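**Q** below: sequence and its predicted model.
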Amino acid sequence: MSYRIAASLHRGNPRLEVVDAHSGRLRLAWEYPKARRRHAGDGADAAVEELFRRLFLLTTEDYLRGDMPPRQRD
C-alpha cells in the first residue's frame, strides 16, 4: 500500500497525517501535545511512543492483509 505523508506545524506543535495514496482515506492523524500542557515527565515521550506504536500497527495491518510487496533479498 502506498501512502502520502503530510508533516506540518500547527501552532508550533508537530502534526503528522498518513493518507492512503489510492483511496485518499486518512489512515493516521497525530499531533504532539500542546507546549503549554507539556511539563517535565508528563508523558511527552509517551506521545512519541504512541506515534511509533500506531505506525507499527498500520504496517502490521498492511502486512497481514497482504498489501505489502514481497521482501527483496540482497
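**A** Cool, got the structure.

**Q** centroid residue for this protein?
**A** Computing the C-alpha centroid of the chain and ranking residues by C-alpha atoms, centre = their mean puts residue 55 first, at 4.7 Å.

**Q** quick one: residue 50 is in a helix?
**A** Yes - note on residue 50: a helix contains this position according to DSSP: H, G, I helix; E, B strand; the rest coil.

**Q** for residue 56, see how far away it is.
**A** Residue 50 sits 11 Å away from residue 56, taking C-beta to C-beta, to the nearest Å as the criterion. C-beta: built from backbone N, CA, C; applies to glycine.

**Q** off-centre distance for whichever strand or helix holds residue 55?
**A** Counting by DSSP states H and E, the secondary-structure element that holds residue 55 is helix 44-65. Distance of helix 44-65 from its chain centroid, counting by C-alpha atoms, centre = their mean, to the nearest Å, is 7 Å.

**Q** ok, stretch 8-18 next?
**A** So, by C-alpha atoms, centre = their mean, the centroid of stretch 8-18 is 11 Å from its chain's centroid.

**Q** poorly predicted segments of the protein, please.
**A** Applying pLDDT under 70 to the chain picks out residues 35-44, 68, 72-74.

**Q** neighbours around residue 34, how many?
**A** The number of residues packed around residue 34, counting by other C-beta atoms under 10 Å, is 11.

**Q** you'd agree it is up against residue 10?
**A** No - taking contacts as C-beta atoms under 8 Å, residue 34 lies outside contact range of residue 10: 9.5 Å.
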